[in-house]
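**Student:** could you work out the structure for the sequence below:
(3 chains)
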Amino acid sequence: MTDTLSTSVAYELKPEALHDAYRMMRTIRAFEERVHEEFATGDIPGFVHLYAGEEASAVGVCSHLDNRDTIASTHRGHGHCIAKGVDVKAMMAEIYGKSTGSCHGKGGSMHIADLSKGMLGANGIVGGGPPLICGTALAAKQKGTGGVGVAFFGDGASNQGTTLESLNLAAVWNLPAVFVAENNGYAEATSSTWSVASDNIADRAAGFGMPGVIVDGFDFFAAYEAAGEAITRAREGGGPTLIEMKFTRYFGHFEGDQQTYRADEVARARETLDCLLRFRGRVTETGQLSLEELDRIDAEVAELIDEAVDEAKRAPKPRAADLTTDVYVAY
Amino acid sequence: MADERIKHVTMPKWGLSMKTGRITEWLAEEGETVSQGADLADIDTDKIVGTLESPEEGVLRRIVADVGAEIPVGATIALFAPPDVPDAEIDAEVAAAREKLASGELEEVAGPTVATVEVDGRPLAYATLGDGEEVVVLVHGYGGDKNSWLFVQEKLAEGRTVHALDLPGHGESAKDVGDGGLDELARAVIGFLDAVGVPRAHLVGHSLGGAVVTAVAAAAPDRVRSLTLVAPAGFGTEVDGEYLRVFASAASRRELKPQLGKLFADENLATRQLADDLLRYKRLDGVDAALDKLVKTLLDGETQAIDAASLLGSTSVPTVVVWGREDRVLPVANAAAVGERAEVRYVDGAGHMVHMENPGAVRDAVEEAVRRG
Amino acid sequence: MARTISYREAINEALAQEMERDERVIVMGEDNAGGAGSPGDEDAWGGVLGVTKGLYHRFPGRVLDTPISESAFIGAAIGAATAGMRPVAELMFIDFMGVCFDQIFNQAAKFRYMFGGKALTPVVIRTMYGAGLRAAAQHSQALYPVFTHIPGLKVAVPSSPYEAKGLLTQAIRDDDPVIFCEHKALYDTTGEVPEEQYVIPFGEANVVRDGGDVTVVAIGRMVSVALAAADELAGAGIQCEVIDPRTTSPLDTDTILESVESTGRLVVVDESTPRCNLATDISATVAQQAFGALRAPIEMVTAPHTPVPFAGNLEDLYIPDAQRVVNAVKSVTSWER
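**Tutor:** You can find the predicted model right below:
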C-alpha cells in the first residue's frame, strides 16, 4: 500500500478506533515480550510460540469482527486471542498452567480458546483451523446471522492438505469465510520462499476460485483495509477471500529456538518496518492521536501485563481431580 | 385314523409377540389323572414365566415336549387320552406331531387382532379376541399395556368379544396424556367405546386402570354393565410411592429392575427381559413425561391422591373386586375402603400383578361380575 | 406401532425424524444426495448405499453434498457443531479415516478437555465398516477400536435395525462427538422398529440371549453370528448368554462382568483385527476385574492379522463365523487345568 493510501485509510478511522487498535497491538507486543522474558527463567512449562512483529495482521483483521464472528488460529495464537477479546489475565494464567487460566490450565499456550468470543482456539496442528472455519462459516450461513469465519494460518500451513481442501470447499459452498495466510517467512526453520512453490501464497487464490490479495503485514492500515473488503464481501454473500500478510516474526519458531537459520532481518524490521512504530508515525502525522496519549496507552498496557504475570504466578494450579474432568459432557 | 379321543395339549400363545416357549417343569406325571384347570406345566417364554392350566381333563398319557426344549407356539407338548387307547396309537400320534413340527407345517395360532381407533384426534391401540354380543373391555395399569392380560383374555373370549386396550401414554397408543388426570383417561375409554360402536360393556381394570373404569362408571353409568376391579388404585391411602416415582424416572436397567420385584409375590418373576421390555417402552419419546403426569395424578406425597371409592359409591353398577394378599404396590389393606359396596375376593400367594400370578382367580371374578351385570 | 423395516430404513428414519424435530440437524457427505451440478437428477443416490435417500428434497438446504475433501468437510461438521449446529457428517468408508483423522481425534475429541470444559461439539460422524461384500482391503475394515481408544469420542456399533434407530437418535441428541459405525452387510437385514422416536442410552449393553454356561460378547454384525452359534450350542446342551455392548465407548463393563461372575467363561467375538481390538480390551478388563470368577481362559474370536482379502473364499475365511464361535465355546466349556 502506498503512503498516501495508508494515510487516507487512517483518516477514515475515528480516534477511538485508532486508540483501540493501538492499544490492542501494544497489548499483544507487551504480552509477547514479557512471555519471552519469563520463559527464559524456566517458569513457564511446555512450548510457546510468540507473535511479536505480526500484530498488524491480528488487529487489522479483528477490528472488523464482533461476537457473531469466529476465528481459528495457529500454534502462534496469542495475538489472535488478544485481538478477538480473550481476557489477557486469563491467557497469562493459562500459559502458566494455572486453574484460573482460560482453559483452567488444561490447554496451555497452544490451545487457548474462548468460544463465547468466537475464538475457536489456538491450534497445535498445522492446518487444523481452516476446516473448522468452514464449519463455523457454514453455521453462520445456515442460521443467517451475518457472521463470518476467519482462518488465520501460516506459510507452513498454506501447504497442508487441510488448508487447500478448505479453500476449495469454502468456494464450492460459497461460505462467508476469510483465509488469512500470515507469511512470516519461515515454517519452523524452513524458508517460505523455498517451501511455497508459487511466488506468493495469494497467487493460489485464483486456482481456488476466490480473490487473493497481498498485504504489507507491517502496515496496520493496509491490513485493516484489505480485511475490511474481504469481510464485507463475505458478509454480503460474496464468498471467501485469501489474504496474504507478508512480514516477519521477531522471535524464534518456539521459545528456545536458536534461530541459526536466520540472518539479521529482525533487527532491520524492528528499526524500520515495525507496525507499532509506523502506526505511531502515521497517527501523529495526521494529528489524530498525540504522542502523550500513545505513551499513556503504553504505560497502561505495561501495568496490565505486570498484573497479569503477578496474578498468574500466584494463582493456584489445577487440583488432581481436574485431571479426569471435562473429557465428555456426560459419559 | 387317529383315535379322536386323543387330545393334544399345545404350547399356548401368551401375548402377541410370543413365538416359542420352554417347559421349565412338568407339574403332572405321565399316567396321572389331571382335572381341567389344574396346573400342568411351568413355561418360560423369555418375556414371562407362567403356569399352564390344563385345558384337558383325563389321563395325561404322554409328555411330548422335554424340559428345556424350545417349542414353537401351537406345537404339541402333551397328549391326553383314556387309558384304553393303546400305547401304539399314542406313539403314532407323537410321531405325527413331531413330524409336523419338523416340517414347519404348524398352523399359525391366531392371537388377538390388533387395531387402532382415533379417540380425541389421537390413536388408541387395542387387541381383540373372540366374537360375541357381550363385550368385555380390559384396562391395564400404570406403565402397563394390553399384553398384561395375556393369561386372561383368551378364556374370557369364549362366546364374547374381549378388547384389551392401551391407555393414552402406553403401549402403542399416542403418548400424549393431556393433563394426565383420571377424567382424561376415563374419557379415553368412553371414546374408545364410541369409536368401536359399543353402547354398553363389562369393564375390567387393573391398578390405575381400576380407578379409570370406576370413573367411567361414575361418569357414564349407562355405558357400564359391570365392573371388575383388580387391585384398583383410588381405594384407601396406602401406596408404594417410591415404586411409582422410580418407574417414571429410571433411565437404566440398574435403576428399574429392583423396583419391578415389588410387582409380584415372587420377586423372581421380575426378569431382566421384563425390565428390558419396560425400558424399550420408556425410551419412546414422550413416555417419561406422560408417566410423570400420571404419578402426580396417583400420588400426593406418600399417599394415594385418587378417591375412586367415592366414585364407586356414587353408582350401583355390579362390581367385584380382586386383590392379591401380598400386593406391595397397593397394599391389600386398602380393600377395606370398598366397604359393603362390592364383594372383595382375596387371592393368597399373589402380589400386585394378580391377573398374571393367578389368572384363574381373576377370570372367575370377571365371570361373576359379568353374570351379575 | 412397531413394524418390520430394514437397518438402512431405520437409519434414514432416525435422521428424518430428528431433522423434523430439530432444525439444527444438518447432513453432509459425499453423494449424500448425489447429482450436485450434474445435468440429471438431484438426490440421484441418496448416499452410496441409499441410506440418506429422500432427505435432500424433504429438508431443503439441510443436506449438503461435498467434494471429496474429508478433512475439510469432516472438519467443517466439527466446526459447525462448536457453533451451535447438530451436524451428521458421513465418512463414507471408515477406511477413509486416514485422510481426516486429525480433525476427529485431535480437534473434536479434545476441544472439551483442552478448553477447560467450555466447548460443546455435538457432531455425529456416520461411517460404514465391515467385510463381506468383496470390497477388498481398503473398503472393508472394522476400525472402531481406533476411535474407541481416543478419549473424548463416543463410539456406537448398532447390530440391528432397532439398535440403529435408537442409537442414532441418541447420538444426534448427545452433546459429545459420536462415531456411528454401520456394518455395510447389515443394511438389508430387517427387524421390528417402533414408528415413534426413541433413544437407546449409550453405555448400556443388551443381553440378547440369556444363558448360564458361557458369556459371549459380540460386536455389531457379530451379534447375529454369536446368536447362530448359540442356537447350535443349545442343541448340545450349552446355554450361551449373548451380550451386545451396543457402544464400545462408553462400554458397559458392569453387564459383562455380572454375566461372567455367573457363567465363569467368556468368549469375545470381534470382527476387527486382533492387535489392540475390542476383544483384547474386554478380555483384559474381565481378567483383571473378574479373575476369581473365571473357570477357563478367555477365548477371542477375531479376524486374522491381515488386510481384508478380495477373493470370496478368502474373505469368508477372514470373517469370524458361527462355527469358530461354537469351537471357542466348546473349548472354554470343556477346559480343564
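**Student:** next, count neighbours for residue 233.
**Tutor:** I'll assume chain A. A:Arg233 has 18 neighbouring residues, counting by other CB atoms under 10 Å in any protein chain shown. For the C-beta atoms, the positions are set from N, CA and C on the backbone; glycine is no exception.
**Student:** that answer is for a different chain, and I need it for chain C
**Tutor:** Around C:Leu233 there are 22 residues (other CB under 10 Å).
**Student:** kindly report the same for A:Pro130.
**Tutor:** 32.
**Student:** A:Phe152 is in contact with that one, correct?
**Tutor:** No. Counting by CB atoms under 8 Å, A:Pro130 does not reach A:Phe152; the two are 9.4 Å apart.
**Student:** common neighbours of those two, please.
**Tutor:** A:Ala72 (CB atoms under 8 Å, 6 or more residues apart in numbering or on different chains).
**Student:** where does the closest residue to C:Ser160 other than its chain neighbours sit: helix, strand or coil?
**Tutor:** Sequence neighbours aside, C:Gly191 is the residue nearest to C:Ser160 in space, at 4.8 Å (criterion: CB to CB, 6 or more residues apart in numbering or on different chains). Look at C:Gly191: counting by DSSP: H, G, I helix; E, B strand; the rest coil, its state is strand.
**Student:** tell me which element residue 311 falls in.
**Tutor:** Assuming you mean chain A. Assessed by DSSP states H and E, A:Glu311 sits inside helix A:291-314.
**Student:** nope, chain B please
**Tutor:** Applying DSSP H and E as the criterion places B:Leu311 in helix B:308-313.
**Student:** gap between the most far-flung residue of chain B relative to its centre and B:Ile6?
**Tutor:** Distance to the chain centre peaks in chain B at B:Ala88, reaching 40.1 Å (criterion: CA atoms, centre = their mean). Distance of B:Ala88 to B:Ile6, computed by CB to CB, to the nearest Å: 12 Å.
**Student:** quick one, phi psi at residue 144?
**Tutor:** No chain in the question, so chain A it is. Dihedral pair for A:Gly144: phi 70, psi 30, per degrees, to the nearest 10.
**Student:** meant chain B, my bad for not saying
**Tutor:** Torsion angles, degrees, to the nearest 10, at B:Gly144: phi -100, psi -170.
**Student:** quick check, the residue in the stretch 51-200 of chain A closest to chain B?
**Tutor:** A:Gln142 (24.7 Å; CB to the nearest CB).
**Student:** and that residue, how far from C:Ala229?
**Tutor:** For A:Gln142, the distance to C:Ala229 equals 48 Å [CB to CB].
**Student:** around chain C, pick out the residues from the stretch 1-150 of chain A.
**Tutor:** Residues of the stretch 1-150 of chain A lying close to chain C (CB under 8 Å from any CB of the partner chain) are A:70, A:72, A:101-107, A:111, A:113-116, A:120-121, A:123-125, A:128, A:130-136, A:138-140, A:142-143, A:149.
**Student:** buried subset of the residues you listed?
**Tutor:** Those of the residues of the stretch 1-150 of chain A next to chain C that meet the buried threshold are A:70, A:72, A:101-107, A:111, A:113-115, A:120-121, A:123-125, A:128, A:130-136, A:138-140, A:142-143, A:149, by 16 or more other CB atoms under 10 Å in any protein chain shown.
**Student:** A:Asn168: what's its closest spatial neighbour, skipping adjacent residues?
**Tutor:** A:Phe208 (5.5 Å).
**Student:** any idea how many residues pack against that neighbour?
**Tutor:** 18.
**Student:** give me every residue that touches it.
**Tutor:** A:164, A:167-168, A:171, A:242.
**Student:** nearest to B:Glu56, out of the residues you listed: which one, please.
**Tutor:** A:Asn168 (78.2 Å; CB to CB).
**Student:** ok, and for stretch B:186-195, which residues are buried?
**Tutor:** Result for stretch B:186-195 [16+ other CB under 10 Å]: buried residues B:186-193.
**Student:** residues contacting it, please?
**Tutor:** So stretch B:186-195 is contacted by B:117-120, B:124, B:126, B:137, B:139, B:163, B:165, B:167-168, B:199, B:201, B:203, B:212-213, B:215-216, B:219-220, B:223 (CB under 8 Å, 6+ apart).
**Student:** ok, of those, which come out buried?
**Tutor:** Buried among the contacts of stretch B:186-195 by 16+ other CB under 10 Å: B:117, B:119, B:124, B:126, B:137, B:139, B:163, B:165, B:167-168, B:201, B:203, B:212-213, B:215-216, B:219-220, B:223.
**Student:** anything in stretch C:204-218 near chain A?
**Tutor:** No. Residues of stretch C:204-218 are not located near chain A by CB under 8 Å from any CB, the shortest gap being 12.5 Å.
**Student:** before we move on, what about stretch C:106-117?
**Tutor:** Yes. Judged by CB under 8 Å from any CB, stretch C:106-117 comes into contact with chain A at C:106-107, C:110-117.
**Student:** residue of the stretch 251-373 of chain B closest to chain A, please.
**Tutor:** For the stretch 251-373 of chain B, CB to the nearest CB, closest residue to chain A: B:Ala251, 11.3 Å.
**Student:** how about that residue: what's its closest non-neighbour residue?
**Tutor:** The shortest distance from B:Ala251 to any non-neighbouring residue, by CB to CB, 6+ apart, is to C:Pro201 (6.4 Å).
**Student:** sec struct for the one you found, please.
**Tutor:** Strictly by three-state DSSP, C:Pro201 counts as coil.
**Student:** what's near enough to touch it?
**Tutor:** C:Pro201 is in contact with B:251-252, B:283, C:170, counting by CB under 8 Å, 6+ apart.
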